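Q: Provided below for reference: sequence and predicted model.
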Amino acid sequence: MPSLIDFRRRIRSVKNTQQITKAMKMVSAAKLRRAQERVIAARPYAARMREMLANLSQAAQSDERASESAWLAQREPKNIDLVLVTSDKGLAGAFNSNLIKASQRFIAEHPGAKISLTLVGRKGRDFYKRRNAEIVGEYVNILAKPTYADAAGVAKEIIRRYRAGETDAVYVINNDFKSVMTQTLSVMQLLPVNLEAPAGATAAPAATLDYIYEQSPLDMLEQLMPRYVEVAIFRSMLETGAAEHAARMTAMDSASSNAKDVIEALTLYMNRVRQAAITKEIIEVVSGAAAAG
């Protein structure tokens, strides 16, 4: 049976751990507010840009040079680039494992395609580094405070590969921030752009819109598509960053509550052991006094 000293040492250790988890929860709460503000500011721009590019792509179909544009090509997805956005740190519950499992499911669902991975975040990079995976890009230590320049750096190789015909489609897997308690797994087709009108859009369907373009729609598409890819990746990084802080807040709050339960259970058991020891000593004293008398 453990001694009282062992119990006190264990309780002290759990209390120290509880202080750490509480501090991590507070740090994540402070970071979450700033990350949430950036996400909310980026969402409308990214959504409207995707809608605009879908409309512009349809208009560009009528251009006689459309068949020469890599952005309008609809190829059989034999080569797919998958962008996986995970966090650089752990201690966020099942946050990273859910993202990695989603990427594995995606690979399993496309058995006939060659999947090339672009890994943003240390956790995803470390996981696939230990496996026989085709990695074309890895970016770590940029999700703490991502900038548009970071997203442009990630998008640069993706854009080059797609325009050169080295890949037929590009998908992005990340966690979308919904609330502190909810993060939604997102698997989005980045390229080629979906020509259908976005679900829930208030505007008329793209086929019925009558735009007047000052430039050729195809020329505008060539200029705007790289920016669209950069914006989409930047939004995915912001979403994942905010979702990570929310997941860590929840995980650290749960860990603090569990530590409290462990401390209470250990204290109760320690008191029982101490009571038993005191009772034993009293019995020994009484027995010794009775024998001496």
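A: Okay, I see it.

Q: starting at the chain centroid, how far to stretch 153-169?
A: 22 Å (Cα atoms, centre = their mean, to the nearest Å).

Q: Can you name the residues in contact with that stretch?
A: Applying Cβ atoms under 8 Å, 6 or more residues apart in numbering, the contact partners of stretch 153-169 are 70-71, 73, 75-81, 83, 116, 118, 120, 136-137, 139, 170, 189-192, 225-226, 229-230, 233, 237. Heads up, the C-betas are built off the backbone N, CA and C, glycines and all.

Q: Which parts of that stretch count as buried, going by neighbours?
A: Going by neighbour count (16 or more other Cβ atoms under 10 Å), the buried part of stretch 153-169 is 154, 155, 158, 159, 161, 162, 163, 167, 168, 169.

Q: how close does the first one get to residue 161?
A: Using Cβ to Cβ, to the nearest Å, residue 154 is found at 12 Å from residue 161.

Q: pLDDT averaged over whichever strand or helix holds residue 255 - what is it?
A: If you go by DSSP states H and E, residue 255 is part of helix 217-292. Averaging pLDDT along helix 217-292 gives 87.

Q: Write the PyMOL selection for whichever of the contacts of stretch 153-169 are buried.
A: Buried residues within the contacts of stretch 153-169, by 16+ other Cβ under 10 Å, are selected in PyMOL with:
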select buried, resi 71+77+79+80+81+83+116+118+120+137+139+170+190+191+192+225+226+229+230+233+237
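
Q: Among the contacts of stretch 153-169, name the ones in helices.
A: 225, 226, 229, 230, 233, 237 (DSSP state H).

Q: just to revisit the earlier point, and which of the buried residues of stretch 153-169 is nearest residue 62?
A: residue 163 (21.5 Å; Cβ to Cβ).

Q: I'd say residue 193 and residue 229 touch.
A: No - with contact defined as Cβ atoms under 8 Å, residue 193 does not count as touching residue 229 (9.7 Å).

Q: Flag the shaky bits of the protein, pLDDT-wise.
A: By pLDDT under 70, the low-scoring segments of the chain are 1, 194-210, 293.

Q: any idea where the strands of it begin and end?
A: 79-85, 114-120, 134-139, 169-177, 183-191 (DSSP state E).

Q: From the recorded domain assignment, give the ranges for this structure.
A: 4-22+251-292, 30-248 (automatic domain parsing).

Q: Give me whichever of those domains is most buried.
A: Comparing the domains of the chain by mean neighbour count (mean count of other Cβ atoms under 10 Å), domain 30-248 ranks first with a mean of 17.

Q: For the strands of the chain, please prepare a markdown table with the additional fields distance to residue 21.
A: Output for the strands of the chain, formatted as a markdown table (distance: least, Cβ to Cβ, whole Å):
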| stretch | distance to residue 21 |
| --- | --- |
| strand 79-85 | 25 |
| strand 114-120 | 27 |
| strand 134-139 | 29 |
| strand 169-177 | 22 |
| strand 183-191 | 19 |
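
Q: Could you point out which of those sits nearest residue 60?
A: Among the strands of the chain, strand 183-191 sits nearest to residue 60 (Cβ to Cβ), with 14.8 Å.

Q: so how far is the closest one from its chain's centroid?
A: Relative to the centre of its chain, strand 183-191 is centred 11 Å away, using Cα atoms, centre = their mean.

Q: can you check stretch 68-84 too?
A: 24 Å.

Q: okay, how far is it across that stretch, tip to tip?
A: Start-to-end span of stretch 68-84 (Cα to Cα, to the nearest Å) is 30 Å.

Q: quick one on the thing from earlier: residue 14 is nearest to which of the strands of the chain?
A: Across the strands of the chain, residue 14 has its closest neighbour in strand 183-191 (28.3 Å, Cβ to Cβ).

Q: and the angle from that closest one to strand 169-177?
A: 160 degrees (axes from the mean of the first three to the mean of the last three Cα atoms, to 10 degrees).

Q: ok, strand 183-191: who's next to it in the sheet?
A: strand 169-177 (antiparallel) (DSSP bridges).
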